[in-house]
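Engineer: sequence plus the predicted model coming up.
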Amino acid sequence: MDKLFIDANIFIAATGSFNGGSSYIFEIAKSGKIKIYSSFYAIREAHKNVSRKLGQEKVNRFLDLLSNLTIIDKRNCEGIMASNYK
């Protein structure tokens with residue numbers, strides 16, 4: 001199985017567009033054809049920019065993208081997710 005590292009820019013692009021190539025990466029991962037990985041730092045950076053640039057209404061879309069993702073460094077990632085599901 002192919003493996004792919006997702007950086008903050010891919011998260012932001014996929015959050016902003018359901019039809020773009022970045023979103024397609026997450027669809028392929030959801031189907032089980034590839035395995036995607038990211039780091040706490042990339043997730044934190046993406047979360048900050050999605051909130052600031054795309055608006056709070058897009059944060060849930062961003063959080064949904066995390067569902068098929070393996071986090072390489074799990075420090076404090078739960079805090080990001082928990083703060084948006086109040």
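Structural biologist: Great, that's in hand. Keep in mind that this is a model prediction, so the values were computed, not measured. Numbering: from 1, shown residues only.

Engineer: just to check, residue 34 is in contact with residue 3?
Structural biologist: Yes - the criterion here is C-beta atoms under 8 Å, and residue 34 meets it with residue 3 at 7.0 Å. Every C-beta, even on glycine, is put in place using the N, C-alpha and C of the backbone.

Engineer: what about those two, which has more around it?
Structural biologist: Using other C-beta atoms under 10 Å, the more surrounded residue of residue 34 and residue 3 is residue 34, with 15 against 9.

Engineer: quick one: contacts for the more buried one?
Structural biologist: 1-4, 25, 28 (C-beta atoms under 8 Å, 6 or more residues apart in numbering).

Engineer: let me have those residues in CSV, extended by secondary structure and distance to residue 66.
Structural biologist: Shown next, in CSV, are these (DSSP: H, G, I helix; E, B strand; the rest coil; distance: C-beta to C-beta, whole Å):
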residue, secondary structure, distance to residue 66
1, coil, 19
2, strand, 19
3, strand, 17
4, strand, 15
25, helix, 13
28, helix, 16
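
Engineer: can you select the buried ones among the residues you listed for me in PyMOL?
Structural biologist: In PyMOL, a selection of the buried entries from the contacts of residue 34 looks like this (16 or more other C-beta atoms under 10 Å):
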select buried, resi 25
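
Engineer: pick out the most distant pair among the contacts of residue 34.
Structural biologist: The span of the contacts of residue 34, defined through C-beta to C-beta, is set by 1 and 25 at 14.0 Å.

Engineer: just the buried residues of stretch 52-71, please?
Structural biologist: 59, 62-63, 65-66, 68-69.

Engineer: now intersect those residues with the strands, please.
Structural biologist: Counting by DSSP state E, the part of the buried residues of stretch 52-71 found in strands is residue 69.

Engineer: specify which member of the buried residues of stretch 52-71 is nearest to residue 51.
Structural biologist: When the buried residues of stretch 52-71 are compared against residue 51 (criterion: C-beta to C-beta), the nearest one is residue 59, at 5.9 Å.
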